[in-house]
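> One predicted model, sequence on top.
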Amino acid sequence: MSNTANARPGDEPAAVMLFPQPALQLVYDTAPIGLACLSPDCRYLQINQRLTEICGLSVEYHLGRCVRDCVPALADSVEQIVRSIMETGEPVIGVEVAGQRADQVGERLWMTYWHPLRALSGQIVAINVAAEEITERKRNEQALRQARDTAEAALQDLREAQDSLVEAEKLAALGRMVAGVAHEVNSPVGISLTVASSLQRRTERFAAEAARGDLRRSALTEFIGAINDASNQLVTNLNRAAELVSAFKQVAADDDQGERREFDVGELTGRILLNLRPGLQERRIILNTWCEPNLRMNSYPGPYGQVLTNLVFNVIAHAFPDGRRGAVDLTARAAGPDHVEVVFADNGSGMSAETRRRAFDPFFTTRRHEGATGLGLHIVHNIVTERLGGRIRLDSEVGSGTRVQLLLPRIVGQQTAPGSMD
């Protein structure tokens with residue numbers, strides 16, 4: 001049964017007399033939040049100055065007046081809440097109220113809490129209202145959301161820029177490889193062209209002698225020997241050029257397709273390094289390799305090749321400054337039944353503790369003044385730990401060279417937790 005019917009407009013003074021007025025007024029006046037007491041028909045029985053800030057009217061103006069007279073914009077909501085409490089006897093908590101005073105600029109927000117006030121008989125005789133201003137908090141939340149949205153947009157832009165730079169770094173590595181392969185192919189092709197030109201001239205002389213009818217046996221024997229020598233040189237050099245082109249085509253295809261397949265680690269590593277040797281030889285860096293025979297993986301050959309390529313170019317760029325000579329040792333062997341260990345070690349200048357600590361950080365480089373992007377080892381780390389599902393460890397000391405150890409699963413997806421090895 002509703003308690004609204006039991007409340008009469010003349011009952012409010014009796015409700016107010018339930019409280020010692022001086023003590024109640026003291027609580028109201030000193031409270032840090034807005035407080036009010038409403039009758040069941042929504043008239044103000046008590047209110048403090050803090051709550052009157054919603055509409056800018058005085059305490060005296062509120063007392064005895066209806067909510068609709070004082071704050072008409074909020075009257076419908078207030079009356080609905082009061083009716084709900086009178087009918088259910090349950091408090092209403094956490095209602096957000098917005099108000100804007102005529103003498104102020106900008107909307108103010110309040111979080112309100114509504115509780116029934118009962119007489120000794122249990123009858124609801126009034127509604128206590130507490131209101132906490134949350135204007136500044138809401139502004140801060142909005143500012144925080146805007147800042148977060150701005151930061152997320154900036155982060156997305158940064159990721160896109162980083163992805164673009166990563167792709168640019170990959171293309172740059174491919175360009176350096178192409179230049180090295182082209183330089184290396186030029187040598188056997190140039191020799192073959194020279195041999196073929198020489199053979200052509202000798203053939204013309206031989207044909208002229210035969211046409212004159214003064215061809216001697218010694219000239220025929222000499223010509224046959226020259227043809228045999230030229231043929232051997234042509235076959236050797238053209239095979240060398242074809243081998244280089246084939247290896248490059250396979251590496252490029254693996255990198256372009258990015259498909260998972262089974263491959264022999266030693267065979268794939270040999271093809272990749274065949275394309276990288278020219279750059280090392282130009283810098284007078286010796287490359288020693290040893291791969292365990294019949295060592296097979298079911299993984300991604302393209303990303304694996306990208307790792308080796310970046311490691312080689314990192315050595316060329318950083319390990320041997322000022323034209324110093326040096327050596328790089330690459331070994332690949334089984335590490336238990338489920339993993340392959342690849343170790344890439346040089347005897348170059350090494351790294352300081354700070355450089356070693358940040359070596360895999362994106363955009364970190366000690367050669368930015370020379371055009372380095374600082375993405376080479378970052379790409380290596382990402383490919384090893386994410387695409388190949390392995391782990392990577394880097395050890396280096398100044399003057400003692402650098403050693404990079406990769407622990408890769410033989411079958412992608414059957415690896416231990418990826419990451420850097422301690």
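Nice, thanks for sending it over.
> contacts, neighbours, all on C-alpha from now
OK.
> Check which helix or strand the residue nearest in space to the middle of the chain maps to.
With distances taken as Cα atoms, centre = their mean, Arg159 lies nearest the centre of the chain, 6.0 Å away. Following DSSP states H and E, one finds Arg159 within helix 135-212.
> who does that helix touch, helix- and strand-wise?
Judged by 3 or more Cα pairs under 8 Å, 6 or more residues apart in numbering; DSSP states H and E, helix 135-212 is in contact with strand 108-118, helix 217-257, helix 265-282, helix 301-314.
> can you do 10 Å?
strand 108-118, helix 217-257, helix 265-282, helix 301-314, helix 376-382 (3 or more Cα pairs under 10 Å, 6 or more residues apart in numbering; DSSP states H and E).
> tell me the angle of the fourth one relative to helix 135-212?
Here helix 301-314 runs at an angle of 90 degrees relative to helix 135-212 (axes from the mean of the first three to the mean of the last three Cα atoms, to 10 degrees).
> Averaged pLDDT, the very next helix or strand once past helix 301-314. What do you get?
The first helix or strand that comes after helix 301-314 along the chain, using DSSP H and E, is strand 326-335. For strand 326-335, the mean pLDDT works out to 94.
> Give me the buried positions along strand 326-335.
Of the residues in strand 326-335, Gly326, Ala327, Val328, Leu330, Thr331, Ala332, Arg333, Ala334 count as buried by neighbour count, 16 or more other Cα atoms under 10 Å.
> Paired strands for it, with orientation please.
strand 285-291 (parallel), strand 339-346 (antiparallel) (DSSP bridges).
> Ile392: which element?
Assigning secondary structure by DSSP H and E places Ile392 in strand 391-396.
> That strand versus strand 339-346: what angle between them?
Using the same axes, to 10 degrees: strand 391-396 against strand 339-346 is 20 degrees.
> if we can go back for a sec, now, of the strands paired with strand 326-335, which is deepest in the fold?
Of all the strands paired with strand 326-335, strand 339-346 has the most neighbours on average by mean count of other Cα atoms under 10 Å, namely a mean of 21.
> what residue ranges in the stretch 101-250 of the chain score low on pLDDT?
Scanning the stretch 101-250 of the chain for pLDDT under 70 picks out 101-106, 162-163, 165-184, 243-250.
> again, only this time at 50
For the stretch 101-250 of the chain, applying pLDDT under 50 flags no range at all.
> ok, Ala130 - how many residues close by?
20 (other Cα atoms under 10 Å).
> let me redo that: Asn186
Count around Asn186 with other Cα under 10 Å applied: 13.
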